[in-house]
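1. what's the 3D shape of this:
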Amino acid sequence: MIDGNLVKKRSVEIRKNFLLERATYLASKMHTSEEKALKAIIKSEKYRHIYKNIKELFGKSQQIFTQVDVLSDLSTSTSAQTTLTMQTDIERESLARNRRHSLQSLRTPFLSNPILHESISPESASHHMDVILNGTF
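-> As a prediction, the model looks like this:
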């Protein structure tokens, strides 16, 4: 029969020895003291533990949307909302929202120049995206 407390105590001891060996190795590589290297490792372990806990709390969502509320008029934030329940409507609205979101970059100061705007905008009939991607623009 294996004693759980003994195993846990032993694992803590093994982990501590590993961290000390790792600190010695890092100290020689980083040209610093073992104490500073050990502090850096412990700090890193602390953050890794925190992020692991956060990840466990949120988990990976396996749910799909069954309904989405969208604004009827996108120009005002106070317009009435419409609830979409059909999967095809939700997908269509999601694609439209993503397209609007990605096109926001076309309204930046960099693209306020009409030549650049026409060259990059996918809605422009004279866009030069292929030439830009080929590096010959």
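
2. ok, now which ones touch the spatially most central residue of the chain?
-> Nearest residue to the geometric centre of the chain (CA atoms, centre = their mean): Lys55, 12.6 Å. Going by CB atoms under 8 Å, 6 or more residues apart in numbering, Lys55 touches no other residue. Using the backbone N, CA and C atoms, a C-beta is placed for each residue, glycine as well.

3. tell me the pLDDT at Lys29?
-> Note on Lys29: pLDDT of 86.

4. now for it: which residues touch it?
-> Lys29 neighbours (CB under 8 Å, 6+ apart): none.

5. looks to me like it is in a helix.
-> Yes: applying DSSP: H, G, I helix; E, B strand; the rest coil, one finds Lys29 inside a helix.

6. three-state assignment of Asp69?
-> strand.

7. pretty sure it contacts Ala80?
-> No: the criterion here is CB atoms under 8 Å, and Asp69 misses it with Ala80 at 10.1 Å.

8. and the residue nearest to the centre of the chain, what element?
-> Using DSSP states H and E, Lys55 sits in helix 34-58.

9. from Ser11, how far off is the closest residue to Ala40 other than its chain neighbours?
-> Computed as CB to CB, 6 or more residues apart in numbering, the closest residue to Ala40 that is not its neighbour in sequence is Leu26, at 7.3 Å. The gap separating Leu26 from Ser11 is 22 Å, by CB to CB, to the nearest Å.

10. and for Gln104?
-> With the distance defined as CB to CB, Gln104 ends up 51 Å from Ser11.

11. do the same with Ile54
-> Counting by CB to CB - Ile54 and Ser11 are separated by 24 Å.

12. show me where the protein has strands.
-> Secondary structure of the chain, counting by DSSP state E: strands at 68-71, 81-84.
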